[in-house]
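Asks: From the sequence below, what's the structure:
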Amino acid sequence: MHMKTKLAVLAAAVAMLASPALAGETLDRVMKTGKLTMASEADYPPQSFLNDNNEMDGFDVSVGKEIAKRLGVEFASVTPAWEMMVSGGWSGRWDVAVGSMTPTKARAEVLNFPAIYYYTPAAFAVHTDSKVQSLDELNGKVIGSCGGCTYDAYLMQDLVIDAEGTPPFEYQVKAGELKTYESDTNAFDDLRLGDGVRLDAVFSALPTIQEAIKNGYPMRVVGEPAFYEPLAVATDKGDPEFDAKIAEIIAEMHKDGTLKALSEKWYGVDLTTVK
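Replies: Sure, this is the predicted structure:
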């Protein structure tokens, strides 16, 4: 073998050794440790929340557990702040985020979204004592939403959802004042104080509003959903093999009806397709 050929083979071998460690870092870690660590919120029922046994539960958690099961590994969960989840650069602190995250263009700059697993309607709600009956009556009102979410982006008329299959929408409400909160529940807590005491309305996921009403919050939904958002599993940049595996598993869960069954269990309806 000529010296140049030997050097070329050696260089190729070095490249092969270096590449998989970088490209498959997350998948390698998950399979070697035998554990998938998922990030989600701790106070976002029915998507993710602490149940009476002080264990993480909900639709998103159930989806995460099924992903781990199909990977053949154990499941673990962490609950970082939402801003940390959407900022990327996780440095291996968790492997995947199943947190009902919308794959916006801005987020796609720091995260990957290998698979959409369901769609949810975004809705406005007011206190039961409110006289508001239509969306146009909310213009100029004080409206609360979670900070760094698609809901406050909508209210700032700066929402970009460029995922394939996203239904078109229009800005129907312009807030007079937007108040953002660490979680949707915090916004609901302010609204429950009374109509106009701190808020005139809240803007959140319809299932989350319905769950709050079910749990005794004095709210009611106003009008039709403002938009439907695709919600995706999120991963950190840098591991196409892991992304491909996640996409494969979610596709299987769509095909075999697992996602539909989980949606019907937690929401009472099938939210895995756009009606």
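
Asks: drop to CA atoms for contacts and neighbour counts, all remaining ones
Replies: Will do.

Asks: The least confident helix or strand in the chain by mean pLDDT: what's the following helix or strand?
Replies: Counting by mean pLDDT, DSSP states H and E, the chain has its least confident helix or strand at helix 3-23, which shows a mean of 38. The helix or strand immediately downstream of helix 3-23 is helix 25-33, counting by DSSP states H and E.

Asks: Now tell me what touches that following helix from outside.
Replies: Here helix 25-33 makes contact (Cα atoms under 8 Å, 6 or more residues apart in numbering) with 21, 36, 73, 92, 95, 238-239, 241-242.

Asks: all helices in the stretch 151-275 of the chain, in order from the N-terminus.
Replies: 184-191, 206-214, 240-255, 258-267 (DSSP state H, counting those that start in this stretch).

Asks: so the residue nearest to residue 183 when sequence neighbours are not counted bridges to which residues?
Replies: Excluding its sequence neighbours, the residue lying closest to residue 183 (Cα to Cα, 6 or more residues apart in numbering) is residue 146, at 5.1 Å. Listed by DSSP bridges, the beta-bridge partners for residue 146 are residue 181.

Asks: Could you look over the helices of the stretch 151-275 of the chain and pick the most buried one?
Replies: helix 184-191 (a mean of 21; mean count of other Cα atoms under 10 Å).

Asks: could you dump it to CSV, C-alpha only?
Replies: Output in CSV follows, covering the C-alpha atoms of helix 184-191 (Å, rounded to 0.1, in the frame of the first residue of the first chain):
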residue,chain,number,x,y,z
ASP,A,184,-50.7,29.1,32.6
THR,A,185,-51.9,28.2,36.1
ASN,A,186,-50.5,31.5,37.5
ALA,A,187,-52.5,33.4,34.9
PHE,A,188,-55.6,31.4,35.9
ASP,A,189,-55.0,32.2,39.5
ASP,A,190,-55.1,35.9,38.8
LEU,A,191,-58.3,35.6,36.7
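
Asks: Under the pLDDT cut-off, which ranges of the stretch 101-250 of the chain? List them.
Replies: Across the stretch 101-250 of the chain, the ranges flagged by pLDDT under 70 are 164-165.

Asks: can you do 90?
Replies: Along the stretch 101-250 of the chain, segments meeting pLDDT under 90 span 102-106, 120, 148-150, 160-168, 183, 207, 228-229.

Asks: distance of the residue nearest to residue 183 from residue 258?
Replies: Distance from residue 146 to residue 258, counting by Cα to Cα, to the nearest Å: 29 Å.

Asks: Please state the offset of stretch 31-45 from the chain centre?
Replies: 13 Å (Cα atoms, centre = their mean, to the nearest Å).

Asks: swap that for stretch 183-201, please
Replies: Worked out by Cα atoms, centre = their mean, stretch 183-201 lies 23 Å from the chain centre.

Asks: and the end-to-end length of stretch 105-116?
Replies: 15 Å.

Asks: What are the contacting residues of it?
Replies: 86-89, 103, 160-162, 230-237, 243-244, 246-247, 250-251.
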